[in-house]
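*Asks:* sequence? don't have it. structure:
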């Protein structure tokens, strides 16, 4: 019986973590949308805010949904995530570089 009770409490904490992550992610998405849609700030400030929200949401996903809060236990996953992160950066900034350096005549 103790095992079932402990498992139920753990499940509730896990569900709370999912709900917190969901609402934080939705809040950041809506905030990003509102900043872009209503043009509250200058273009450069808007881009900086969007990049900040993107990094913050990435951290929320790592902690709330992928359970990366125990770093000693998940060191191989962290190494693979860093590799994936660098590949994504190369794709994003490579695409931006190509688009900004097109020669239209």
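*Replies:* Looks like it arrived, so ask away. Note that the structure is predicted; figures quoted are calculated from it, not measured.
*Asks:* For burial, what's the neighbour tally of residue 81?
*Replies:* Counted with other Cβ atoms under 10 Å, residues neighbouring residue 81 total 15. For glycine as for every other residue, the C-beta is placed from the backbone atoms N, C-alpha and C.
*Asks:* Which of the helices or strands spans the spatially most central residue of the chain?
*Replies:* Residue closest to the average C-alpha location in the chain (Cα atoms, centre = their mean): residue 58, at 1.6 Å. Take DSSP states H and E as the rule and residue 58 turns out to sit in helix 43-60.
*Asks:* which strands and helices sit next to that helix?
*Replies:* helix 2-38 (3 or more Cβ pairs under 8 Å, 6 or more residues apart in numbering; DSSP states H and E).
*Asks:* Report the angle between the helix it packs on and helix 43-60.
*Replies:* Relative orientation of helix 2-38 versus helix 43-60 (axes from the mean of the first three to the mean of the last three Cα atoms, to 10 degrees): 170 degrees.
*Asks:* Give me the distance from helix 2-38 to the chain's centre.
*Replies:* From the chain centre to the centre of helix 2-38 is a distance of 13 Å (Cα atoms, centre = their mean, to the nearest Å).
*Asks:* average model confidence for it?
*Replies:* When pLDDT is averaged along helix 2-38, the result is 83.
*Asks:* Pop the domain breakdown of this protein in here.
*Replies:* With domains defined by automatic domain parsing, the chain comprises 1-69, 70-105.
*Asks:* and the residue nearest to the centre of the chain, how far is that from residue 98?
*Replies:* 24 Å (Cβ to Cβ, to the nearest Å).
*Asks:* Buried deepest among the domains of the chain, which one?
*Replies:* domain 1-69 (a mean of 12; mean count of other Cβ atoms under 10 Å).
*Asks:* ok, residue 87 to residue 32 distance?
*Replies:* On the measure of Cβ to Cβ, residue 87 and residue 32 end up 23 Å apart.
*Asks:* related to what we said a few turns ago, quick check: what element follows the helix holding residue 58 along the chain?
*Replies:* Note on helix 43-60: by DSSP H and E, the next helix or strand toward the C-terminus is helix 75-100.
*Asks:* what about that following helix, average pLDDT?
*Replies:* For helix 75-100, the mean per-residue pLDDT is 86.
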